[in-house]
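*Asks:* mind looking at a prediction? Sequence and model below.
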Amino acid sequence: MEFNITYKLSYVALICLLFLSPPFVSSQLNYKFYDSSCPNLSKIVQQGVRSAIANDSRIAASLLRLHFHDCFVNQGCDASILLDDSSTLKGEKNALPNKDSARGYEVIDNIKLALEEACPCTVSCTDILTLAAASAVYFSGGPYWPVPLGRRDGLTASIDAANNDMPSPFESLDNIAAKFTAKGLDLKDVVVLSGAHTIGLAQCFTFKTRLFNFSESGKPDPVLDRSLLIKLQRVCPNQADSDTTLSPLDPVTSTKFDNIYFKRLVNKSGLLQSDQLLMGDNRTAPMVISYSRFPNLFNKDFRESMVKMANIGVLTGRTGQIRRNCRVVN
């Protein structure tokens, strides 16, 4: 399947060479950017995402995570995470936060192929990924928000930045907040965007130290709810072959976008250490409690933080390019 998609996209690249270079565009994102050049854009993206979720309920969380991992690395939201390794470029797919865990590339490929048939050489991979993440949230029962468009695709990728700039589940809240601040986001965005963990799964190695050897103590994390601890120790026994076993971040509604994630933090049942830290800090605990009580508030703030994140370091106008194949630079 992947070979077939790659072959088709390579053909698209040749067809695009017959087109004139895309016209100069405004350096500002706007909601009507593709209204005349690709009027069915939103419909095509939504159909691609809906079909992917129907085949694999996990893919919604994967697309949301893919967008997040793209925007926090390299220049910002530039589709650098979609680039394959080549003789001249070392991509981000094999960086520690992405290797064997980042998913959804083929979904973006399929949407790109459909868009190239509908409006060749017009829509950037960055805009596709941004729209796909928003659609993934919506089709999981979460809020809808309009996405300002007009991003271009970057020409580079950075495995070092992917290894160093992405927040880690093992880091302190201060370190995570600093990484958000470096991208123009604040502590509220840390809490709100962490709420994306209301859907999806995590590999055991990302939280196993909490179960057996928290802070090198030889004991479990004392904050972790006892009943949850026992369940997780069965799922993730203290042996290496369980490291890649998956556990839901929110076992109550793991495929539904809601505010149960915050309720679990209040009840000391957050899966990742970095998540539970939000409830243990006086700066962030009040926000966690508010979102656990008021789902509409969480939805509103999540929309705002997602739009804010999607504006990190965007390339517009004559900067960047519109990739013909999301996996390679033109």
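*Replies:* Yep, it's here.

*Asks:* which residues touch Thr284?
*Replies:* 173, 187, 190-191, 277-278 (Cβ atoms under 8 Å, 6 or more residues apart in numbering). In short, each C-beta sits where N, CA and C put it, glycine included.

*Asks:* check it and give its pLDDT.
*Replies:* What the model reports as pLDDT for Thr284 is 98.

*Asks:* next: Thr316.
*Replies:* Here, the pLDDT recorded for Thr316 equals 92.

*Asks:* picking up where we left off before, taking the contacts of Thr284, tell me the two that lie furthest apart.
*Replies:* The distance between the two most remote of these (Cβ to Cβ) is 12.0 Å, for Leu187 and Leu277.

*Asks:* of the two, which one has the most company?
*Replies:* More crowded of Leu187 and Leu277, by other Cβ atoms under 10 Å: Leu277, with 22 against 18.

*Asks:* wasn't that one part of a strand?
*Replies:* No - counting by DSSP: H, G, I helix; E, B strand; the rest coil, Leu277 falls outside a strand, being helix.

*Asks:* outside of stretch 231-249, which residues touch it?
*Replies:* 100, 197-205, 207-208, 211-212, 254, 261, 271-272, 275.

*Asks:* narrow these to just the buried residues.
*Replies:* Buried by 16 or more other Cβ atoms under 10 Å: 197-204, 207-208, 211-212, 254, 261, 271-272, 275, out of these.

*Asks:* list the ones among those residues that fall in strands.
*Replies:* The strands, defined by DSSP state E, take in 201-203 from the buried ones among the contacts of stretch 231-249.

*Asks:* buried residues in the host helix or strand of Lys231?
*Replies:* Here Lys231 is covered by helix 226-235, with elements defined by DSSP states H and E. Residues 228-229, 232 are the ones in helix 226-235 that count as buried (16+ other Cβ under 10 Å).

*Asks:* how about stretch 263-277?
*Replies:* 263-265, 268-277.

*Asks:* want to throw those into CSV with distance to Ser292?
*Replies:* Output for the buried residues of stretch 263-277, formatted as CSV (distance: Cβ to Cβ, whole Å):
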residue, distance to Ser292
Lys263, 5
Arg264, 9
Leu265, 7
Lys268, 12
Ser269, 12
Gly270, 11
Leu271, 16
Leu272, 17
Gln273, 19
Ser274, 17
Asp275, 13
Gln276, 13
Leu277, 16
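
*Asks:* residue contacts, Ala196?
*Replies:* Per Cβ under 8 Å, 6+ apart, neighbours of Ala196: 61, 64-65, 68, 302.

*Asks:* same question for Pro146.
*Replies:* If a contact means Cβ under 8 Å, 6+ apart, then Pro146 has Tyr31 as its contacts.

*Asks:* quick one on the thing from earlier: dump the contacts of Ala196 to JSON lines, plus secondary structure and neighbour count.
*Replies:* As requested, the contacts of Ala196 are exported to JSON lines (DSSP: H, G, I helix; E, B strand; the rest coil; neighbours: other Cβ atoms under 10 Å):
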{"residue": "Ala61", "secondary structure": "helix", "neighbour count": "27"}
{"residue": "Leu64", "secondary structure": "helix", "neighbour count": "26"}
{"residue": "Arg65", "secondary structure": "helix", "neighbour count": "22"}
{"residue": "Phe68", "secondary structure": "helix", "neighbour count": "20"}
{"residue": "Phe302", "secondary structure": "helix", "neighbour count": "23"}
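
*Asks:* distance between the ends of stretch 248-256?
*Replies:* 12 Å (Cα to Cα, to the nearest Å).

*Asks:* return the distance of it from the chain's centre.
*Replies:* 17 Å (Cα atoms, centre = their mean, to the nearest Å).

*Asks:* what's the mean pLDDT across that stretch?
*Replies:* Computed over stretch 248-256, the average pLDDT equals 94.

*Asks:* quick check: domain ranges of the chain?
*Replies:* Domain assignment for the chain by automatic domain parsing gives 2-12+23-165, 173-308.

*Asks:* nearest to Thr319 among the ones you listed would be which one?
*Replies:* domain 2-12+23-165 (6.0 Å).

*Asks:* ok, so of the contacts of Thr284, who is nearest Asn325?
*Replies:* Nearest to Asn325 among the contacts of Thr284, counting by Cβ to Cβ, is Val190 at 34.4 Å.
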